[in-house]
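1. What follows is a predicted structure for the sequence shown.
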Amino acid sequence: MTPVYIKVHARDNVAIIVSPDGADFAEHIPQSHKVALEEFEENQPVIRYGEIIGLAARPIRKGSWIREDMLHMPSAPPLDKLPLATATPSAQPPLEGYTFEGFRNHDGSVGTKNILGITTTVQCVAPTVDYAVRRIKAELLPRFANVDDAVGITHTYGCGVAIEAPGAATPIRTIRNISLHANVGADPLVVSLGCEKMQPSRMFPMWESGRNVIRMQDERGFGETVATIMRAAEKRLEELNRRQRVPCPASDLIVGLQCGGSDAFSGVTCNPAVGYAADLLVRAGATVMFSEVTEVRDAIHLLTPRAANEDVARDLIREMQWYDDYLARGSADRSANTTPGNKRGGLANIVEKALGSVAKAGTSAIMSVASHGERVTSKGLVFAATPASDFICGTQQLASMNMHVFTTGEGTPYGLAMVPVIKVSSRTALAEKWPDLIDLDAGRIAMGSASIEDVGWDLFRLILEVASGRKQTWADKWGLHNALAPFNPGPVT
Ligand code: CA
């Protein structure tokens with residue numbers, strides 16, 4: 001039977017309303033918003049997920065609708081007093097025998113798609129590459145049945161920037177790692193303008209200088225440039241077309257987790273279900289990345305104890321501190337994260353949002369930390385630092401991941417060209433409203449018709465199906481592929 005409200009933790013003194021039509025207590029309270037389960041005095045802690053999400057700004061009657069303006073937001077946990085690796089979870093029993101059909105690459109990585117990738121050193125050449133890609137798709141791709149797609153790896157970086165400034169390292173390594181992605185066989189074509197700051201040798205310092213790069217300023221006009229790209233593409237397509245999917249252990253998966261358009265259900269339905277699937281993936285030997293610094297910051301005291309060792313805990317703190325400083329330079333703090341949609345969805349503040357967000361990370365030990373745009377190398381659960389902005393986070397996670405899981409409460413059509421994006425809804429109402437965009441409904445958990453474990457297993461199996469190319473995500477069916485948006489914390493000139 002569908003409950004009236006959901007209380008997450010025994011200590012909680014608020015709960016969220018389940019019914020799509022809301023519920024009547026001391027007043028009418030809409031779905032996913034909070035009801036006071038007791039009388040509150042001024043400054044009394046308001047507790048959800050067993051943690052303080054705010055202090056009552058004034059006395060609150062039992063049965064009242066707790067709105068954002070009735071809470072004072074607590075300050076973020078201080079970074080100098082955090083427990084370091086004090087409660088590292090022990091490994092759970094391994095899950096053996098789970099496989100998917102992937103494309104094995106020369107560098108050891110495994111692709112979940114077989115894509116012709118054409119990368120760019122600078123935005124100036126992006127429309128030329130897009131033009132060439134349209135022709136490749138129309139004229140060449142139909143002849144190569146084993147190749148899934150041709151993708152221009154275009155972005156807004158590459159010139160007009162302080163390329164030697166420390167902040168430039170982030171977009172450069174992000175674009176490098178995306179260009180060498182497993183799903184383009186770790187071997188892209190490269191198109192450069194010629195005069196740009198991000199020269200091919202800076203983007204790929206490990207490549208020998210003789211490697212073929214198409215330099216537009218060396219070509220005779222637009223038509224010749226496109227013809228040169230088409231010739232190189234045809235040669236590469238012949239190589240890619242010889243590749244076959246082969247059985248690969250689930251440990252070859254690198255799954256990036258993200259949430260966007262979250263609501264108060266996200267932390268009780270889709271994010272815990274994703275967390276359960278994350279634990280299954282870790283048990284199967286895979287890599288699972290969680291990210292979004294501003295949505296982790298207020299729950300960091302729950303994460304540093306889970307680090308595999310003190311160094312990993314200190315790496316987590318280093319990434320939190322970097323982002324605190326970055327926001328302070330812009331005269332902001334982590335409270336700038338929440339959106340009008342989050343608040344409409346019942347999330348009072350970033351503290352409540354963060355406590356629900358970290359449920360995606362499951363219960364495993366945190367094995368390592370990657371900084372912005374770095375490629376993740378360890379197995380198990382890892383924290384990959386990114387902004388929480390959906391398309392910037394996704395771009396940075398793309399430096400490593402070959403599968404993407406995205407949870408949403410308010411709904412988003414988000415997708416990426418280079419990896420499949422599985423979208424999981426927090427509420428059944430969203431899955432019913434958007435049946436041709438949401439891949440998996442975790443709202444069944446709130447309705448009482450499925451458990452967190454049920455949906456976690458459903459997601460785990462769906463990841464293996466999609467990674468094998470046997471099932472297609474809605475975003476891929478419609479070709480909903482967001483632009484790449486590398487994070488550039490460095491100066492623009
Ligand atoms: Ca996000």
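-> Noted; the coordinates are in hand.

2. Buried ones in stretch 320-331, by neighbour count?
-> By 16 or more other C-beta atoms under 10 Å, the buried positions in stretch 320-331 come out as 320, 323-324, 327. The C-beta positions use only the backbone N, C-alpha and C, and glycine is treated the same way.

3. how far does that stretch sit from the chain's center?
-> Here stretch 320-331 is found 21 Å from its chain centre; the criterion is C-alpha atoms, centre = their mean, to the nearest Å.

4. which SS class is the residue in the stretch 51-200 of the chain positioned nearest to the ion?
-> Nearest to the ion in the stretch 51-200 of the chain, going by C-beta to the ion, is Thr174, at a distance of 16.3 Å. At Thr174, secondary structure determined by DSSP: H, G, I helix; E, B strand; the rest coil is helix.

5. ok, how many other residues are close to it?
-> Thr174 has 28 neighbours, counted by other C-beta atoms under 10 Å.

6. And the one 5 residues further on, by the same measure?
-> Taking other C-beta under 10 Å as the neighbour definition, Ser179 ends up with a count of 23.

7. same thing with the one 3 residues further on?
-> Ala182: 25 surrounding residues under other C-beta under 10 Å.

8. so the residue of the stretch 51-200 of the chain closest to the ion makes contact with Ala485?
-> No - between Thr174 and Ala485 there is no contact under C-beta atoms under 8 Å: 9.7 Å.

9. Nearest spatial neighbour of the residue of the stretch 51-200 of the chain closest to the ion, chain-adjacent residues omitted?
-> Nearest residue to Thr174, sequence neighbours excluded (C-beta to C-beta, 6 or more residues apart in numbering): Gly373, at 3.2 Å.

10. Now the residue of the stretch 201-350 of the chain found nearest the ion. Nearest residue, chain neighbours left out?
-> Nearest to the ion, among the residues of the stretch 201-350 of the chain, is Gly260, at 4.2 Å (C-beta to the ion). In space, and not counting its chain neighbours, Gly260 is closest to Asp390: 4.0 Å by C-beta to C-beta, 6+ apart.

11. if I pick the one you found, what's in contact with it?
-> Counting by C-beta atoms under 8 Å, 6 or more residues apart in numbering, Asp390 touches 258, 260, 406, 412, 414, 482.

12. quick one: contacts for the fifth one?
-> Tyr414 sits next to 260, 390-391, 394, 406, 408, 421, 423, 475, 480, 482 when contact means C-beta under 8 Å, 6+ apart.

13. ok, Asn146 - contacts?
-> Asn146 makes contacts with 114, 240-244, as judged by C-beta under 8 Å, 6+ apart.

14. want to throw those into JSON lines with pLDDT, neighbour count and distance to Phe40?
-> Formatted as JSON lines, the contacts of Asn146 follow (pLDDT from 0 to 100; neighbours: other C-beta atoms under 10 Å; distance: C-beta to C-beta, whole Å):
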{"residue": "Asn114", "pLDDT": "98", "neighbour count": "21", "distance to Phe40": "57"}
{"residue": "Leu240", "pLDDT": "98", "neighbour count": "22", "distance to Phe40": "62"}
{"residue": "Asn241", "pLDDT": "98", "neighbour count": "16", "distance to Phe40": "66"}
{"residue": "Arg242", "pLDDT": "97", "neighbour count": "8", "distance to Phe40": "67"}
{"residue": "Arg243", "pLDDT": "96", "neighbour count": "15", "distance to Phe40": "62"}
{"residue": "Gln244", "pLDDT": "96", "neighbour count": "10", "distance to Phe40": "63"}
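
15. thinking again about what came up before, is there a neighbour count for the residue nearest to Thr174? I'd like the number.
-> Neighbourhood size, Gly373 [other C-beta under 10 Å]: 26.

16. pretty sure it is touching Ala168, no?
-> No - with contact defined as C-beta under 8 Å, Gly373 does not count as touching Ala168 (11.0 Å).

17. Quick check: Gln258 is in a helix.
-> No - counting by three-state DSSP, Gln258 falls outside a helix, being strand.

18. Please report the distance of it from Gln397.
-> Applying C-beta to C-beta, to the nearest Å, the value for Gln258 to Gln397 is 7 Å.

19. Need the residues touching each of the two.
-> 291, 404.

20. quick one on the thing from earlier: common neighbours of Thr174 and Ala485, please.
-> In contact with both Thr174 and Ala485: Thr395, using C-beta under 8 Å, 6+ apart.

21. and Cys393, how far is that from Asn482?
-> Counting by C-beta to C-beta, the separation of Cys393 from Asn482 is 11 Å.

22. Please apply the same query to Asn212.
-> Using C-beta to C-beta, we find Asn212 at a distance of 29 Å from Asn482.

23. who has more neighbours, those two?
-> More neighbours surround Asn482 than the other of Asn212 and Asn482, with 17 against 10 (other C-beta under 10 Å).

24. does the closest residue to that one other than its chain neighbours count as helix, strand or coil?
-> Nearest residue to Asn482 in three dimensions, chain neighbours excluded: Phe391, at 5.0 Å (C-beta to C-beta, 6+ apart). What three-state DSSP gives for Phe391 is helix.

25. from what I can see Phe391 touches Leu480, true?
-> No - the criterion here is C-beta under 8 Å, and Phe391 misses it with Leu480 at 12.0 Å.

26. can you give me the helices in the stretch 351-493 of the chain?
-> Ranges of helices in the stretch 351-493 of the chain, per DSSP state H, counting those that start in this stretch, are 390-397, 428-433, 444-447, 452-467, 474-478.
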